[in-house]
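Visitor: got a structure for you, letters missing:
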């Protein structure tokens, strides 16, 4: 089984929609999506994800199901340095790097800073829904993160959602704390993450990332990467090396 998680196109967060660039990105992505053999397609209720999904499915006989739990993991905490309310990711390196709690897959939602926003409650709510979804596909989560295979499944299941939520789901499946992905990885708008099951023991499965944030469809169409969610210059191999 493969889970294909797609970040929405370049966003206008004020209107919760795509920018003109975002719509070009989605059109480029649609050329890739049309070749996917989808067993199911699911989308966040937020406008930027739904618009991306609609562009990608417009010429396909596929209808996406809206899941509320696929909306962005936008929950807020109190900043440990300023005391102000803000989103629960993007800590300054001097705070994040030596903070062992934020690197631990089991305890990061219970760390001092995450408790200021009840992140454990929100994390458990999302992962409970995710596990119910996977159980319906034949994969039952066991203690420690391995999955019991009740029924083998070769389907491709596609999710149109958001970087923050993508990181939560990826970390949950692979045993990586979500803050480590929020801080250490980047997925450009319309980037694709593919996570597949590996069933090396009969009746049991683990999930493995095949690629994270791939946006090669943009390069194929000559569309530069958007830096939305990134804080330095983006690498563009079309510029050559200096």
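Guide: It's in. All values derive from a computational prediction rather than experimental measurement. Residues are numbered from 1 along each chain as shown.
Visitor: how about the spatially most central residue of the chain, what does it touch?
Guide: Closest residue to the average C-alpha location of the chain: residue 166 at 1.3 Å, with Cα atoms, centre = their mean. Residues counted as contacts of residue 166 (Cβ atoms under 8 Å, 6 or more residues apart in numbering) are 5, 7, 187, 193. Every residue, glycine included, has its C-beta placed from N, CA and C.
Visitor: Also residue 12?
Guide: Shown in contact with residue 12 (Cβ under 8 Å, 6+ apart): 18, 19, 22, 48.
Visitor: Let me know whether my guess that the last one is in a helix holds.
Guide: When you say that, I think you mean residue 48. Yes. Membership of residue 48 in a helix is supported by DSSP: H, G, I helix; E, B strand; the rest coil.
Visitor: these two touch, right, it and residue 9?
Guide: Yes. In terms of Cβ atoms under 8 Å, residue 48 counts as a neighbour of residue 9; the distance is 7.0 Å.
Visitor: quick revisit: closest one of the contacts of residue 166 to residue 68?
Guide: Relative to residue 68, the closest of the contacts of residue 166 is residue 5; by Cβ to Cβ it sits at 16.5 Å.
Visitor: check which helix or strand covers residue 228.
Guide: Secondary structure from DSSP states H and E places residue 228 outside every helix and strand.
Visitor: What number of residues are in the vicinity of the closest residue to residue 62 other than its chain neighbours?
Guide: Nearest-residue entry for residue 62: residue 41, 5.5 Å, with adjacent residues in sequence omitted and distances by Cβ to Cβ, 6 or more residues apart in numbering. The local packing count at residue 41 equals 22, with neighbours defined by other Cβ atoms under 10 Å.
Visitor: go on, residue 5?
Guide: Residues lying near residue 5 (other Cβ under 10 Å) number 26.
Visitor: ok, now residue 187?
Guide: Look at residue 187: counted by other Cβ under 10 Å, it has 25 neighbours.
Visitor: With residue 203 instead?
Guide: Counted with other Cβ under 10 Å, residues neighbouring residue 203 total 10.
Visitor: next one: the one 3 residues further on
Guide: Residue 206 sits with 16 neighbouring residues when counted by other Cβ under 10 Å.
Visitor: Please report how far it lies from residue 157.
Guide: Going from residue 206 to residue 157 by Cβ to Cβ, to the nearest Å gives 17 Å.
Visitor: what are the ranges of the strands in the protein?
Guide: Secondary structure of the chain by DSSP state E: the strands cover 2-7, 11-12, 17-18, 38-43, 65-66, 76-78, 85-87, 139-141, 147-149, 156-161, 192-201, 204-214.
Visitor: Centre of the chain to the fifth one, how far?
Guide: The one in question is strand 65-66. For strand 65-66, the distance from its own C-alpha centre to the chain's C-alpha centre is 16 Å (Cα atoms, centre = their mean, to the nearest Å).
Visitor: do stretch 208-219 as well
Guide: 12 Å.
Visitor: Show me which residues of that stretch are buried.
Guide: By 16 or more other Cβ atoms under 10 Å, the buried positions in stretch 208-219 come out as 212, 213, 214, 215, 217, 218.
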